[in-house]
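>>> Sequence plus predicted model, see below.
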Amino acid sequence: MKQEKTPEQRQYEQKVNEMMPKSRTGFQCIKAFISGGIICCIGQLISDVGSLMFTFTEKSRGAFTSIVLIFLGMLLTGIGVYDKIGKFSGAGSIVPITGFANSIVAPAMEYKREGYILGVGANMFKLAGPVLVYGIASSVLVGLIYCIIYALGGKA
C-alpha cells in the first residue's frame, strides 16, 4: 500500500530536486575514455621508442613499457601532478598501470612523516594490497584449473 505524500513532503522533495546537482555521467565517461586512451597511447609510444632505441624483443619491450609507465605514475604522484590528472579524468587514470602505481605511492606519501617502517611501509599497500591478493589468488586458481584439465588429457 502506497501512502499519499503530505504537502510538506512534496515541497521538501521539490526543494531537494532543485538543489541536487545534475548528473554528468555521460560526460565523465567520455573524459575517462579519452584520458585512459591518451595514457595508453603514451604507453605505445614508450614501447615504440624502446624497440627503436634499444632493439628489444616483444617480451622485453612489454616489460620496459610497464617499468617506464610505473615509474612515471610514481613520479607524477610524488610531485602531485597525478592527483590533478585523476581529478580531471576520473576512472580513465585509474584503469591503466599508472593508476596502480598511484595507488601504492599515494598512501606512502601521505604517511611518510610517521617514518619509513610504520608510515611508508605499513601504509604502502593499503589500497593495492587487496588487488594483489585477489590477483595472485585468481592466477593460482586458474593455474590449478589448467593443470587439472591438462592432467585429464585436455590440450594445452
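Received, thanks. Numbering: from 1, shown residues only.

>>> Touching the worst-scoring helix or strand of the chain on mean pLDDT from outside, list them.
The helix or strand with the lowest mean pLDDT-type score in the chain, counting by mean pLDDT, DSSP states H and E, is helix 122-123 (a mean of 77). Applying Cβ atoms under 8 Å, 6 or more residues apart in numbering, the contact partners of helix 122-123 are Pro107, Ala108, Glu110, Tyr111. C-beta coordinates here come from the backbone N, C-alpha and C atoms, glycine included.

>>> now these as a markdown table including secondary structure, distance to Met124 and pLDDT?
Converted to a markdown table, the contacts of helix 122-123 look like this (DSSP: H, G, I helix; E, B strand; the rest coil; distance: Cβ to Cβ, whole Å; pLDDT from 0 to 100):
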| residue | secondary structure | distance to Met124 | pLDDT |
| --- | --- | --- | --- |
| Pro107 | helix | 6 | 79 |
| Ala108 | helix | 4 | 79 |
| Glu110 | helix | 10 | 78 |
| Tyr111 | coil | 8 | 79 |
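
>>> Go through the residues you listed and name the one nearest Leu152.
Nearest to Leu152 among the contacts of helix 122-123: Pro107, at 44.2 Å, using Cβ to Cβ.

>>> how deep is the closest one tucked in, by neighbour count?
Around Pro107 there are 19 other residues, counting by other Cβ atoms under 10 Å.
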